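Asks: Structure, please.
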Amino acid sequence: MADAAVQRPRAASQGGFDPLRTGWNLLTNVKFALLLVGVALVCCLLGVVVPQMPAPMRANPEARDAWLALQEADFGAFTPVMDRAGLFDIFHTRWFNGLWLLIVVAVTVCTVSRFRPTARSVHRPQKVVGDRYFDSAHQRASFTHDGGAAAVTAALRKRRYHVEETAERDGTTYLFAEKYAWSQYGTFLSHLALLMLLVGALLTRLAGFDTTLALAEATPGAPVFDKPGPNQIFVTMVNANRGIDDFGNIVDFHSILEVQRGDETVTCKATVNDPCHAFGYKFHQAAFFDDIARLRVTSPTGQLLWDDIVDFNNETVAIPQLRVTNATGDVLFDQSVPQLETDPGELESRSDDIAVSAIRFPVKAGSNEEARLSVAWKIVDGQMRLLVGTIDGDANPLLVGNSVTIGDYTVTFASAFNIPALTVADMPGAASDDGSVALQMTADGAGNDYLLIAGVDGNAIQLMKNQPVTTASGYTYNFTGRVDASGINIKRDPGDTFIWIAVGMAFIGLAITFYVPRRRLWARISPQQTTLAGVAERTTRFSRELRLIGHEAGAGDALRDGDLRRGED
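Replies: Numbers count the residues shown, from 1 in each chain. Next up, the predicted model:
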């Protein structure tokens, strides 16, 4: 009775719930793995179909609220629910990262659980099978031949099989032979590659860093990280280069950078495909900008009020290119015409705004006397329509490519294109109450860059490079030139090594699996008949190989029609 009482709790504990074993069985279950992959796929599809919040807005509450307000037009009352569920930022939610972590764990468990059976199959294969297997195997061959086991062994070893005699009974010899036993690790290697790939992606997500800075020449170093600290890195643009060949084609983009952390400075070259390496980060060339001007402004007393770059930030305005000739064909004017002011029209919207400007040119070649024409234009249906005439005369309409004669001059509307244009607030010397002026940067007929500032002292001033202009109110403006800049992508990706290793492992594993498949066979050799039966991938056509082995052992009845290829007889 005492023994029975002792045994009952033990039996109950053996049949009770084991959470570790249950979890292990679940993680090694193929259906559960497919479910995880399916859920991850659906989440990724949702991340593509559902708009995702731009990165700069995630940490800005006001911008985030404004973006969510825009989504209410599409999702209505479901917008707050979707936001709380993280559907607008799927790839950065905890549940999505947890899902991938669970997949990594599942793949790890599957890989680990396969290792021992794989190693056991490679190093301790089943060497003995029952006689019934020789009659029922899917891949088998039977034949008669002279020479017995020695002939079969020789034929197998000729094909690089490892041969072992396992038994001999009643005149019948049993052999076990295998080839490329190690190739079974190829499948394990492929599973390990998948694990490495997932780990690499997870490391990139959790520990990676990626940002892009716009860096201009002749400006102070820009910090890489938002928060200051002892490991802060500063990047200075030494030279942003755009290489152009003799035909005007762009052939190269690269940047010379100074990367500084503490007292240590690294100078290096960054291109699109060949990044600069410094302090564990990669610096890639991501973009090139040449719509930046450097402007210097001093007060009437000589005090420096402004010494900074003006980044037009890809903002542009459309302007015309005009050419003026006289009756003898002399070219008196041939350059772009920047906008001096705007006629707002009658509507509150800007749909009827008209750009207004004027051009000056010598009345004849070499003359100091100037003529002047007024120019106005607007964009209608994506096409610039131009009006040109004398200051007091009628305006003549022009389209791109057309010409009109005004007095002694022929005006040709050569082309229309965009130039950098920007409204800058709080400009010293501005005539407006809010201190705003309009800046445009273009080039004259000789290709020399200049900066046009409209709204200073009520007039527009044209600044050629390093030719200061002082206004009536005493402010001096100096355009020191166009500044080149580059977009530099700064990245740290601790997972890329894992990913590259995973790709290599996957390639090797698949190559082994498909091109060097394992072959195992068992032979039953008697004086009356020899039977070979084995296991191999279907792609090997193993039954044919078994018949060829019989043929090479001297059997005349082993082959079927079509078994022999050229060079095998």
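
Asks: Could you report the neighbour count for the residue lying closest to Gly429 once chain neighbours are set aside?
Replies: Once flanking residues are discounted, Gly429 sits nearest to Tyr475: 3.4 Å by C-beta to C-beta, 6 or more residues apart in numbering. For the C-beta atoms, the positions are set from N, CA and C on the backbone; glycine is no exception. A total of 21 residues lie near Tyr475 under the criterion other C-beta atoms under 10 Å.

Asks: for the one 4 residues further on, same thing?
Replies: Look at Phe479: counted by other C-beta under 10 Å, it has 26 neighbours.

Asks: Can you classify it as helix, strand or coil?
Replies: Three-state call for Phe479 (DSSP: H, G, I helix; E, B strand; the rest coil): strand.

Asks: in the stretch 1-150 of the chain, which spans are helices?
Replies: 2-15, 19-27, 30-49, 55-58, 61-75, 79-84, 94-123, 131-136, 148-158 (DSSP state H, counting those that start in this stretch).

Asks: Show the average pLDDT along the first one.
Replies: In this case it means helix 2-15. The average pLDDT within helix 2-15 is 46.

Asks: tell me which element Thr423 falls in.
Replies: Using DSSP states H and E, Thr423 falls within strand 409-424.

Asks: in its sheet, what does the helix or strand just after that strand sit against?
Replies: Next along the chain after strand 409-424, taking DSSP H and E as the criterion, comes strand 437-443. According to DSSP bridges, strand 437-443 forms sheet pairs with strand 409-424 (antiparallel), strand 449-456 (antiparallel).

Asks: Which strands border the helix or strand encompassing Leu332, and is each parallel or antiparallel?
Replies: Using DSSP H and E, Leu332 sits within strand 331-336. Using DSSP bridges, the strands paired with strand 331-336 are strand 316-325 (antiparallel).

Asks: how far is the partner strand from where the chain is centred?
Replies: Remark: strand 316-325 is offset 39 Å from the chain centroid, using C-alpha atoms, centre = their mean, to the nearest Å.

Asks: Residues touching it, excluding its own?
Replies: The contact list for strand 316-325, computed with C-beta atoms under 8 Å, 6 or more residues apart in numbering, reads 291, 331-339, 355, 357, 359, 361, 373, 375, 377, 379, 384, 386, 388, 409-421, 440, 442.

Asks: same thing with stretch 549-559?
Replies: Against stretch 549-559 from outside (C-beta under 8 Å, 6+ apart): 141, 143-147, 151-152, 154-156, 158-159, 530, 532, 547-548, 563-564.

Asks: Now do the buried residues in that stretch.
Replies: For stretch 549-559, a neighbour-count test (16 or more other C-beta atoms under 10 Å) marks 549-555, 558-559 as buried.

Asks: Distance across that stretch, terminal residue to terminal residue?
Replies: From its first residue to its last, stretch 549-559 covers 10 Å (C-alpha to C-alpha, to the nearest Å).

Asks: chain center to that stretch: distance?
Replies: Put simply, stretch 549-559 sits 58 Å off its chain's centre (C-alpha atoms, centre = their mean).

Asks: now stretch 226-233
Replies: How far stretch 226-233 lies from its chain's middle: 26 Å, per C-alpha atoms, centre = their mean.

Asks: buried sites along the strand holding Leu332?
Replies: Buried-residue list, strand 331-336, by 16+ other C-beta under 10 Å: 332-336.

Asks: The closest residue to Trp522 other than its chain neighbours and Tyr281, how far apart?
Replies: The shortest distance from Trp522 to any non-neighbouring residue, by C-beta to C-beta, 6+ apart, is to Val129 (5.1 Å). Val129 sits 60 Å away from Tyr281, going by C-beta to C-beta, to the nearest Å.

Asks: higher neighbour count, these two?
Replies: Tyr281 (19 against 16).

Asks: List the residues that contact the nearest residue to the more buried one once chain neighbours are set aside.
Replies: Distances taken as C-beta to C-beta, 6+ apart put Arg492 closest to Tyr281, at 5.0 Å, once the chain neighbours are dropped. Contacts of Arg492 were listed using C-beta under 8 Å, 6+ apart, and they are 207-210, 280-282.

Asks: between these, which has the most around it?
Replies: Top of those by neighbour count (other C-beta under 10 Å): Tyr281, with 19 neighbours.

Asks: That residue and Met53, how far apart?
Replies: For Tyr281, the distance to Met53 (C-beta to C-beta) stands at 26 Å.

Asks: closest one to Phe312 among the helices of the stretch 1-150 of the chain?
Replies: Among the helices of the stretch 1-150 of the chain, helix 55-58 comes nearest to Phe312, with 19.9 Å by C-beta to C-beta.

Asks: Give me the average confidence score over the closest one.
Replies: 78.

Asks: Now do that helix: everything it contacts.
Replies: The contact list for helix 55-58 (C-beta under 8 Å, 6+ apart) reads 63-64, 67, 89, 92.

Asks: same check, this time on stretch 263-283
Replies: By C-beta under 8 Å, 6+ apart, stretch 263-283 touches 209, 224, 233, 235, 238, 252-261, 284-286, 486, 488-493.

Asks: when you check these against the helices, which ones overlap?
Replies: Judged by DSSP state H, helices contain none of the contacts of stretch 263-283.

Asks: Just the buried subset of those, please.
Replies: Burial by neighbour count, judged by 16+ other C-beta under 10 Å, picks out 224, 233, 235, 253-257, 259-261, 284-286, 486, 488-493 from those.

Asks: just to revisit the earlier point, any chance of the helices of the stretch 1-150 of the chain in CSV, plus mean neighbour count and distance to Thr172?
Replies: Shown next, in CSV, are the helices of the stretch 1-150 of the chain (neighbours: other C-beta atoms under 10 Å; distance: least, C-beta to C-beta, whole Å):
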stretch, mean neighbour count, distance to Thr172
helix 2-15, 8, 45
helix 19-27, 12, 43
helix 30-49, 13, 41
helix 55-58, 12, 74
helix 61-75, 13, 77
helix 79-84, 13, 73
helix 94-123, 15, 26
helix 131-136, 12, 9
helix 148-158, 17, 10
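
Asks: Using JSON lines, lay out those together with distance to Asn368.
Replies: Listed next are the helices of the stretch 1-150 of the chain as JSON lines, based on distance: least, C-beta to C-beta, whole Å:
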{"stretch": "helix 2-15", "distance to Asn368": "111"}
{"stretch": "helix 19-27", "distance to Asn368": "90"}
{"stretch": "helix 30-49", "distance to Asn368": "66"}
{"stretch": "helix 55-58", "distance to Asn368": "54"}
{"stretch": "helix 61-75", "distance to Asn368": "56"}
{"stretch": "helix 79-84", "distance to Asn368": "68"}
{"stretch": "helix 94-123", "distance to Asn368": "73"}
{"stretch": "helix 131-136", "distance to Asn368": "110"}
{"stretch": "helix 148-158", "distance to Asn368": "103"}
